[in-house]
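predicted model and sequence below, questions to follow.
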Amino acid sequence: MHILRRALLGSLWAVIGWKPSFAAQASPETITQEEASSVTPRHVLCFLGRDRDLSRLSEAAAQATRDFATGFSVDEDYSQAEPDDRMSRSFDVCWDRVEPNAWNETDEKAVADHQSVLYVLGPSMTQADTIKVSMTALRLVERLIQAGAVAVKGESAGIAHGLDRWRTLIGQGAEAQKAGDRLAQQRVGRLAFAKRPLSARGYLESVGFHLVGLPEVYVRETSGSERQVVAIMDAVADEIGKQGLDPTLKARGASLSFDSTYGVDEFKFNPYGIVKLAG
């Protein structure tokens, strides 16, 4: 199946069937660690334009690939110089609901009034390269916002931010790169391109942590409010990034699983597994 078609079908499924616990009905797939290790994650980015002319955004993306975004490419098959009437519903599902003021009415109107859609595909990433490539993806978002993109969504995890929030994340990423702070880069990349929390099977879950080389984190719904659970997810992700997976599993009394609700051919599948915290 075409690489972007898989991502778009996943997004469309979310649009049609989404509810706060939209993954709850999915059955986990039994996947071995060996099978999972064969999967390489990649970014799929969606940019909306204000005009029925893709040349400005596509040329900016092409120039970015020459300047710094090696391995990224415009998807000519699914990009279109006309509006997509599914976008308002899709962005409504994907807006970040964790960060206060992550989007506003201006962002919603920009999505509703968009006139073109550009998709950019990232390269397949090894775990060692995920942070670097995600920082590159963030720079690419900056370049296309400068070129006139009015809304941006990360299709690989189904996450969207308003333009002001994207700019904040871009600035934080640049500062982390300038300081050579790999943990900070990983954190910014996670906040930019992963979505949390989603509810399924008694857990609140993350999606997209693989884009910065981390396993997903699943926390029991009974562990607190959604914001408290998100804080736990983020703390565990930072701990894994700082001290490693095995010490974190031991300290947290957690387990590592590869039984995902996503298939190995889906962009939301995490080849690094799922850290499940005890109740």
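Looks like it came in fine.

S38: neighbour count?
By other CB atoms under 10 Å, 8 other residues sit near S38. (Glycine included, C-beta is placed from N, CA and C.)

actually, S73.
Using other CB under 10 Å, S73 has 14 neighbouring residues.

same thing with the one 3 residues further on?
For E76, the neighbour count with other CB under 10 Å is 9.

that one: helix or strand, and which one exactly?
For E76, there is no enclosing helix or strand under DSSP states H and E.

looking at it now. What's its pLDDT?
We have a pLDDT of 93 for E76.

before we move on, what about the one 10 residues further on?
As predicted, R86 sits at a pLDDT of 96.

then the one 10 residues further on?
In this model, D96 is scored at 97, pLDDT.

quick check: it touching R165?
Yes. Contact criterion CB atoms under 8 Å: D96 and R165 qualify, at 7.1 Å.

contacting residues for E99?
Contact analysis of E99 by CB atoms under 8 Å, 6 or more residues apart in numbering lists 161, 165, 191.

thinking again about what came up before, joint contacts of D96 and R165?
Joint contacts of D96 and R165 (CB under 8 Å, 6+ apart) are 102-103.

who has more neighbours, these two?
Each of D96 and R165 has its neighbours counted (other CB under 10 Å); R165 has more, 22 against 18.

okay, now the unreliable bits of the stretch 1-150 of the chain?
Filtered on pLDDT under 70, the stretch 1-150 of the chain yields the residue ranges 1-30.

so where do the helices sit in it?
Per DSSP state H, counting those that start in this stretch, the stretch 1-150 of the chain carries helices over the ranges 3-17, 33-37, 55-67, 87-94, 105-112, 130-146.

now render these as a markdown table, adding distance to E226 and mean neighbour count.
What follows is these, written out as a markdown table (distance: least, CB to CB, whole Å; neighbours: other CB atoms under 10 Å):
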| stretch | distance to E226 | mean neighbour count |
| --- | --- | --- |
| helix 3-17 | 18 | 17 |
| helix 33-37 | 28 | 13 |
| helix 55-67 | 35 | 17 |
| helix 87-94 | 16 | 19 |
| helix 105-112 | 22 | 16 |
| helix 130-146 | 25 | 22 |
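
now those as TSV including distance to I240?
What follows is the helices of the stretch 1-150 of the chain, written out as TSV (distance: least, CB to CB, whole Å):
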stretch	distance to I240
helix 3-17	25
helix 33-37	16
helix 55-67	30
helix 87-94	25
helix 105-112	32
helix 130-146	13
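
so who does R227 touch?
R227 makes contact with V98 under the criterion CB under 8 Å, 6+ apart.
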